[in-house]
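Chemist: need coordinates for the following:
(2 chains)
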Amino acid sequence: MLRLRAQMLQQIREFFADRQVLEVETPLLGQAIGTDPQLQFFSTQYGLPSHEQRLFLQTSPEFAMKRLLAAGSGSIYQICKAFRNGEAGRFHNPEFTLLEWYRLDFDLQQLMDEVEDLLQLLLQTMPLTACQRISYQAVFYQHTGLDALVFSLDAYQAFAIAKGLPEAVDICGDNHAIWLDFLFSHCVQPMFTGNTLTMVFAYPACQSSLARTNVDNPLVTERVELFINGVELGNGYHELTDAVEQKRRFDAELTQRQQWQLPVAEKDQRLLAALQSGLPNCSGIAIGIDRLLMLLSASPAIDEVLSFPVHRA
Amino acid sequence: MAVYSTNEFKSGLKIMLDNDPCAIIDNEFVKPGKGQAFNRVKIRNLKTGRVIERTFKSGESLEGADVIDMDMQYLYNDGEFRHFMVQDTFEQYQADSKTVGDAAQWLKDQDPCIVTLWNDSPLAVTPANFVELAIVETDPGVRGDTSGGGGKPAKLETGAVVRVPLFVQQGEVIKVDTRTGEYISRVKE
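Modeler: The predicted model follows:
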């Protein structure tokens, strides 16, 4: 397993070296943190006298990498650890390895082309039988008969009850985003089977905080998610470059965090400043390396691909 | 009673769900990278034995159920209830046929078994994994057949019917696996 991981990292580095994408490192420990109310962070105390303050372990390297992009780095990639508090299970370890990369002047379609090339290479021994691209609205309709973009509480509730999931009614209330998370993870995601790479794009606007809104349809955003055999592998955006819009979304998320009584997050002023000074037009994506290794080695649990999972770390 | 949160749901944990005592079989953490976290939990209703799947919002909690498994001795059947005793304390419990369920066909007077108690009353009865019971009725054997291929039905003293090899005779005592209902061997007196 250690060898399999080493080989995958080497293949990734060769892949990006061939394409002249620069490898970078950014801090794991930072002064600000993502405000996404669905991502819980670890925080720690910095002890240097007169500089004592709370620091955060990153939930993803996204903000730091965007600051590099705004500073003129060109296309970049990074392989690093990310930390998400309270996430543990068959597919989750609170500390995990991410591959994240950004391509200047790529739109989402070009990014999907590159993802396809990379995954074909990394999963050679599996191998992938097909690659399909489908919009969130289409795939959601295909498996539920519901419209993901237009929320109808009655129709969603009736579907959940008919599917033997009556608990959804209480869990989701009248929150469209939670309904989508529930129905997608229970009724759509498990349908992605047969070693096929499924790329779901055009996510409903309530489901993405860092993606651009589609110019033709304001109900969807330029976000893509990757799935193989029911497993979520990665998440990408045609990146939002509008600082004002980004600040508005951060503030909305901070309000949500407050409503849910979650720990206070620090919105990243340096990222906002970088966006103001100008983030170049780019698309970026993050892929979970541990989950790729699970697929490649047919491991039923993430613990099996880690040197030491959290309960033995 | 203690309260358990979804992240404490381990296989074997006994909790209350819809006013019934249940046991957790499996707990899967489901979380989209950017989205609400859920726990998809497989649960056995200990009253009905039915297994259901139920989703909870991560962090939700349920009350624990006061359910314990006790080693007891089966005493007798009074026609309506079967009676059991804890051998160290001589404490006795009675259970109706609905509670005893399929275990009844393996229970012989004085045999050990496990009685599951919920709030101190019997919820289910599990016979020992292996029991030794006499055959009260089976067709005459075929001499010379020692392979056990094929077999024939045999009725046991407790009422259970199991398939036995052709050479096994009426009146003999046999060892049976109660989990599968399969014949294991003859028991030498």
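
Chemist: was I right to think residue B:54 contacts residue B:22?
Modeler: No - using C-beta atoms under 8 Å, residue B:54 makes no contact with residue B:22, being 9.3 Å away. For every residue, glycine as well, the C-beta is placed using N, CA and C.

Chemist: intersection of neighbour lists for the two?
Modeler: Overlap of the contact sets of residue B:54 and residue B:22 (by C-beta atoms under 8 Å, 6 or more residues apart in numbering or on different chains) consists of residue B:43.

Chemist: compare those two (neighbour count), which wins?
Modeler: Neighbours per residue, other C-beta atoms under 10 Å in any protein chain shown: of residue B:54 and residue B:22, the larger number sits with residue B:22, 25 against 17.

Chemist: name all residues that make contact with the residue in the stretch 151-300 of chain A positioned nearest to chain B.
Modeler: Residue nearest to chain B within the stretch 151-300 of chain A: residue A:181 (4.0 Å; C-beta to the nearest C-beta). For residue A:181, the contact set (C-beta under 8 Å, 6+ apart) comprises B:32, B:35-36, B:38.

Chemist: up against chain A, what does chain B have?
Modeler: Within chain B, the positions adjacent to chain A are B:7, B:28-38, B:40, B:54-58 by C-beta under 8 Å from any C-beta of the partner chain.

Chemist: which residue is nearest the middle of the chain?
Modeler: As the question left the chain open, I've gone with chain A. Compute the mean C-alpha point of chain A, and by C-alpha atoms, centre = their mean the closest residue is residue A:235, 3.7 Å away.

Chemist: correction: the question concerned chain B.
Modeler: The centre of chain B sits closest to residue B:126, judged by C-alpha atoms, centre = their mean, with a distance of 3.5 Å.

Chemist: once you drop chain neighbours, what's closest to that one?
Modeler: Sequence neighbours aside, residue B:114 is the residue nearest to residue B:126 in space, at 4.3 Å (criterion: C-beta to C-beta, 6 or more residues apart in numbering or on different chains).

Chemist: wait, the one you found touches residue B:129, no?
Modeler: No - using C-beta under 8 Å, residue B:114 is not in contact with residue B:129; the gap is 10.0 Å.

Chemist: so which of those two has more stuff around it?
Modeler: Counted by other C-beta under 10 Å, residue B:114 and residue B:129 do not tie: residue B:114 has more neighbours, with 15 against 10.

Chemist: write down the beta-bridge partners of that one, one by one.
Modeler: residue B:71, residue B:126 (DSSP bridges).

Chemist: quick check, pLDDT for it.
Modeler: In this model, residue B:114 is scored at 93, pLDDT.

Chemist: please tell me how far it sits from chain A.
Modeler: Distance from residue B:114 to chain A, counting by C-beta to the nearest C-beta, to the nearest Å: 31 Å.

Chemist: can you give me every residue that contacts that residue?
Modeler: So residue B:114 contacts B:69-72, B:125-126 (C-beta under 8 Å, 6+ apart).

Chemist: would JSON lines of those with pLDDT be doable?
Modeler: Shown next, in JSON lines, are the contacts of residue B:114 (pLDDT from 0 to 100):
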{"residue": "B:69", "pLDDT": "89"}
{"residue": "B:70", "pLDDT": "91"}
{"residue": "B:71", "pLDDT": "93"}
{"residue": "B:72", "pLDDT": "94"}
{"residue": "B:125", "pLDDT": "91"}
{"residue": "B:126", "pLDDT": "91"}
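
Chemist: which two in these are spaced the farthest apart?
Modeler: Greatest spatial distance in the contacts of residue B:114: B:71 and B:125, 11.8 Å, computed using C-beta to C-beta.

Chemist: quick one: which helix or strand includes whatever residue of chain B ends up closest to chain A?
Modeler: Here chain B gets closest to chain A at one residue, residue B:29, 2.7 Å apart by C-beta to the nearest C-beta. Applying DSSP states H and E as the criterion places residue B:29 in strand B:20-30.

Chemist: show me what counts as buried in that strand.
Modeler: Neighbour-count burial for strand B:20-30, counted by 16 or more other C-beta atoms under 10 Å in any protein chain shown, picks out B:20-25, B:27, B:29-30.

Chemist: okay if I get those as TSV plus pLDDT?
Modeler: Formatted as TSV, the buried residues of strand B:20-30 follow (pLDDT from 0 to 100):
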residue	pLDDT
B:20	92
B:21	93
B:22	93
B:23	92
B:24	93
B:25	93
B:27	92
B:29	92
B:30	91
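
Chemist: quick one: the residue nearest to residue B:126 and residue B:69, what's the gap?
Modeler: Distance, residue B:114 to residue B:69, by C-beta to C-beta, to the nearest Å: 5 Å.

Chemist: got it, and residue A:206?
Modeler: Using C-beta to C-beta, we find residue A:206 at a distance of 48 Å from residue B:69.

Chemist: the residue in chain A that chain B sits nearest to - nearest residue in space that isn't next to it in sequence?
Modeler: Here chain A gets closest to chain B at one residue, residue A:89, 2.7 Å apart by C-beta to the nearest C-beta. Spatially, and ignoring its direct neighbours in sequence, residue A:89 is nearest to residue B:29 (2.7 Å; C-beta to C-beta, 6+ apart).

Chemist: the one you found pairs with what?
Modeler: Using DSSP bridges, the beta-bridge partners of residue B:29 come out as residue B:39.

Chemist: quick one: list the elements packing against the helix or strand harbouring residue A:64.
Modeler: Residue A:64 is part of helix A:62-70, with elements assigned from DSSP H and E. The elements that helix A:62-70 packs onto, with contact taken as 3 or more C-beta pairs under 8 Å, 6 or more residues apart in numbering or on different chains; DSSP states H and E, are strand A:76-83, strand A:95-104, helix A:269-278, strand A:282-288.

Chemist: could the C-alpha coordinates of it be exported in PDB?
Modeler: Taking C-alpha atoms only, helix A:62-70 is exported to PDB below (Å, rounded to 0.1, in the frame of the first residue of the first chain):
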ATOM      1  CA  GLU A  62      -7.600  26.800  -1.700                       C
ATOM      2  CA  PHE A  63      -7.300  30.300  -0.200                       C
ATOM      3  CA  ALA A  64      -3.500  30.300  -0.100                       C
ATOM      4  CA  MET A  65      -3.200  29.000  -3.600                       C
ATOM      5  CA  LYS A  66      -5.600  31.700  -4.900                       C
ATOM      6  CA  ARG A  67      -3.400  34.300  -3.300                       C
ATOM      7  CA  LEU A  68      -0.500  32.800  -5.300                       C
ATOM      8  CA  LEU A  69      -2.500  32.900  -8.400                       C
ATOM      9  CA  ALA A  70      -3.400  36.600  -7.800                       C
END
